[in-house]
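*Asks:* test case, fold it:
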Amino acid sequence: MGHDHDHTHGANKKALMISFSVITAYMIIEAIGGLLTNSLALLSDAGHMLSDSISLGVGLLAFKFGEKVANYSKTYGYKRFEILAAVFNGVTLILISIYIFFEAYKRFTAPPEVASTGMLIVASIGLLVNIFVAWILLRGDTKENLNLRAAFLHVLGDLLGSVGAIAAALLIIFFNWGWADPLASVIVAVLVLISGWRVTKDGIHVLMEGTPKNVDLDEIINIMENAQGIKSIHDLHVWSITSGQNALSCHAVVDGDLSVHESQGLLRTIEHDLEHKGIGHVTIQMENNEHPHEDSLMCQNDHEHSDHQHDH
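*Replies:* Prediction:
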């Protein structure tokens, strides 16, 4: 398991590194192109690319930080940094989109002159750049890794932004429709807003210790309650440390006549079953019936006894 994880980790990091370099370089070109041709569609696409480049850069930093080993002051290491990065990134996107809406509104009322041929050339190269980066990111692990997925969604938005700018440039060249430029930028802004909202929401869910999306709580409770020797469970919590790393803790009431050896075996079995359901960190406190406890599944009470002995 460890080796496999390290391998995808390395591949993800490399994918982010290449994407970051390519996108950052082209974003600067597109921003200059947007200013020279006076195209808001190009500028908004460059704005989106800026957010991409920030998100990829932050993603890289998150990988770097995430590799820092856990210590006494941060017992989980720096893995949460990745989620903080995703939230920061999402909020930046929302702000950028609001700015584009505002600019586009001004342009609809008074469409300025746009150098459409230059706009077409810059947008076309942009499209090729985005297709290349999307292909690199797709080869990484976009299903599990929130950061990589965010980066991929960004690039997809960019790709559509480039298509929009190309279409707008063609409309201006052939029909002289000046409003096509702000219209294309509004479409990009909507995409930016949606992806920003999604990433922010997912990130906040993790920070709020929400139940991970890929974990079915009923299934987890069933696995544990059906294990031989367990009577009931309570005080159950399932959360994510960072994307793809889930943790669980709970109290389990076991048969009083289980030997130490048997209860260790029981723990092993449960850990094994839970690992298949996507939970890597498992902490179970075993108790017998004499242990006084509120009978609730997700107990929030502070217990009188402070001498919790964790069996793990």
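*Asks:* and the helices in the stretch 201-312 of the chain?
*Replies:* 217-225, 260-276 (DSSP state H, counting those that start in this stretch).
*Asks:* select, out of those helices, the one closest to L61.
*Replies:* helix 260-276 (29.2 Å; Cβ to Cβ). Every residue, glycine included, has its C-beta placed from N, CA and C.
*Asks:* for the closest one, packing partners?
*Replies:* Applying 3 or more Cβ pairs under 8 Å, 6 or more residues apart in numbering; DSSP states H and E, we find helix 260-276 packed against helix 217-225, strand 245-254, strand 281-287.
*Asks:* out of those, deepest packed?
*Replies:* Of the helices and strands packed on helix 260-276, the one with the most neighbours on average (mean count of other Cβ atoms under 10 Å) is strand 245-254, at a mean of 20.
*Asks:* which strands and helices lie in contact with it?
*Replies:* helix 217-225, strand 230-242, helix 260-276, strand 281-287.
*Asks:* mean pLDDT added to these, as a markdown table?
*Replies:* Output for the helices and strands packed on strand 245-254, formatted as a markdown table (pLDDT from 0 to 100):
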| stretch | mean pLDDT |
| --- | --- |
| helix 217-225 | 91 |
| strand 230-242 | 89 |
| helix 260-276 | 89 |
| strand 281-287 | 90 |
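*Asks:* so which of these comes closest to V122?
*Replies:* Closest among the helices and strands packed on strand 245-254, using Cβ to Cβ: strand 230-242, at 37.1 Å.
*Asks:* can you get me a residue count around the closest residue to M224 other than its chain neighbours?
*Replies:* Leaving aside its sequence neighbours, M224 sits nearest to I233 (Cβ to Cβ, 6 or more residues apart in numbering; 5.2 Å). Neighbourhood size, I233 [other Cβ atoms under 10 Å]: 19.
*Asks:* for E209, see how far away I233 is.
*Replies:* Distance of I233 to E209, given as Cβ to Cβ, to the nearest Å: 18 Å.
*Asks:* picking up where we left off before, need the helices of the stretch 201-312 of the chain in CSV (columns: distance to Y72).
*Replies:* Converted to CSV, these look like this (distance: least, Cβ to Cβ, whole Å):
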stretch, distance to Y72
helix 217-225, 31
helix 260-276, 25
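*Asks:* G34 contacts L43, correct?
*Replies:* Yes. Because the distance of 3.7 Å satisfies Cβ atoms under 8 Å, G34 is recorded as touching L43.
*Asks:* neighbour count: the two, which is higher?
*Replies:* G34 (25 against 22).
*Asks:* how about G178, nearest residue that isn't a chain neighbour?
*Replies:* Once chain neighbours are set aside, the closest to G178 by Cβ to Cβ, 6+ apart is P111, at 3.3 Å.
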